[in-house]
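S.K.: Need coordinates for the below:
(chains A and B)
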There are 2 protein chains.
Amino acid sequence: MLKLFYAIETCALASHIALIEAGADYETAEINFANAEQASEDYLAVNPKGRVPALVTDNGILTETPAILIYIAQTFPAVQLAPLDDPFALAKVQEFNSFLCATLHIAHAHRMRGHRWSDDEKAIAAMREYVPQSVGECYRLIEQEMFSGPWVMGDAYTVCDPYLFTVAQWMEGDGVDPADFPIVADHRRRMGERASVQQALKEQFGE
Amino acid sequence: MLKLFYAIETCALASHIALIEAGADYETAEINFANAEQASEDYLAVNPKGRVPALVTDNGILTETPAILIYIAQTFPAVQLAPLDDPFALAKVQEFNSFLCATLHIAHAHRMRGHRWSDDEKAIAAMREYVPQSVGECYRLIEQEMFSGPWVMGDAYTVCDPYLFTVAQWMEGDGVDPADFPIVADHRRRMGERASVQQALKEQFGE
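M.R.: Predicted structure coming up:
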């Protein structure tokens, strides 16, 4: 059985949704960031980076959302969560997920995790102030350059969709107005109607 | 034919080395960051993100190093640059490359590209000062937790190796002493002896 370590309001939601959509047999374990459980000895034995998500598989442990998402797509091929037989199309999926992971998520992280890049409180505050601008620029690129529609990659629903939905949960907190990005806002609304998404949110937040 | 847009001293070197090792028929085009060519209208038509690398293929354009590397591995399968038939092993490759892209490279980028995350000059200077610590922590994790040896993933050479070699070029500039990370330093030395690596560096820097 697969086991997903997650924390609420993090990118782990994307892997959680993908597991449900894949029809995987899985269990979850919550890591409470408020109690700094991600830095506990027990959790560092799972993921020495002290981050979520981590997915325990029969072969070993996987971390990093883009890696976990493609693993789920590859191990449940019948569900067709990625264009596995088309190297270019699959690379486009990886390109989009890499952008979310290394650009959008990083811009977002400067709101709450500035201590990763400075120990100067004024600098950390300055980083926080800039988040609406840097995250907003990411959504501008997504809307104008990356999003094919109706799903991220076009007609085919892929693992890019739960990942975009997940990071788009943070828009308001990041000071980005969803009304300025109607394509992403509509995608978020449609994703929120999916049974898989509702189940993942229920499992993470309860009733 | 494939066409790689690169700039010197950037992560594009990893894709360049992989193209050579794959035996690909390719050409290169240099983007001069000193002249801000990455922000030119012509280049933004290639990559609206204004970053390198970008790989022009017969199917379209790819960006983001982890996506380009897996594309090269998949389109030249005989060279075995990734464990394509083993979803877990392939996900471990993606996990490592995702860490380089979204954690190590990002820590490094706070030295020269702090303006991505703040417009406050003092904050940008504070970010720059912290780089030895944040990049050093990445190498600690690589040495203690991720590097299998003799190659990143173990006995098999993969696209993780040129990517690690590429980011490790930046150690001294980032204020990280290679002597503190002997495994990475030895890997860098062995990579530097490969004909493919020497050819890529020669193509980028000339004689």
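S.K.: Pull the number of nearby residues for A:Glu95.
M.R.: A:Glu95 has 22 neighbouring residues, counting by other Cβ atoms under 10 Å in any protein chain shown. For glycine as for every other residue, the C-beta is placed from the backbone atoms N, C-alpha and C.
S.K.: Which secondary structure state is assigned to A:Thr166?
M.R.: Recorded secondary structure, A:Thr166: helix (DSSP: H, G, I helix; E, B strand; the rest coil).
S.K.: Is it correct that it is in contact with A:Ile8?
M.R.: No. Distance between A:Thr166 and A:Ile8: 11.6 Å, which falls outside the contact criterion (Cβ atoms under 8 Å).
S.K.: Which one's more surrounded, those two?
M.R.: A:Thr166 (26 against 15).
S.K.: Surely A:Glu27 forms part of a strand?
M.R.: Yes. A:Glu27 forms part of a strand when assessed by three-state DSSP.
S.K.: which non-adjacent residue is nearest it?
M.R.: Of all residues beyond its chain neighbours, the one nearest A:Glu27 is A:Lys3 (5.2 Å), with distances taken as Cβ to Cβ, 6 or more residues apart in numbering or on different chains.
S.K.: the domain parsing of chain A - what is it?
M.R.: A:2-80+A:197-205, A:87-194 (automatic domain parsing).
S.K.: could you dump these to TSV with mean pLDDT and distance to B:Tyr130?
M.R.: Below are the domains of chain A laid out as TSV (pLDDT from 0 to 100; distance: least, Cβ to Cβ, whole Å):
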stretch	mean pLDDT	distance to B:Tyr130
domain A:2-80+A:197-205	97	18
domain A:87-194	98	5
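S.K.: Put together JSON lines for those, with distance to B:Glu121 on each row.
M.R.: Putting the domains of chain A into JSON lines (distance: least, Cβ to Cβ, whole Å) gives the following:
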{"stretch": "domain A:2-80+A:197-205", "distance to B:Glu121": "30"}
{"stretch": "domain A:87-194", "distance to B:Glu121": "10"}
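S.K.: Quick check: which helices or strands does the longest helix anywhere in chain A pack against?
M.R.: The helix spanning the most residues in chain A, taking DSSP state H as the definition, is helix A:121-141. Other elements packing on helix A:121-141 under the criterion 3 or more Cβ pairs under 8 Å, 6 or more residues apart in numbering or on different chains; DSSP states H and E are helix A:105-112, helix B:121-141.
S.K.: Including distance to B:Gln94, could those helices go into JSON lines?
M.R.: Listed next are these as JSON lines, based on distance: least, Cβ to Cβ, whole Å:
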{"stretch": "helix A:105-112", "distance to B:Gln94": "16"}
{"stretch": "helix B:121-141", "distance to B:Gln94": "17"}
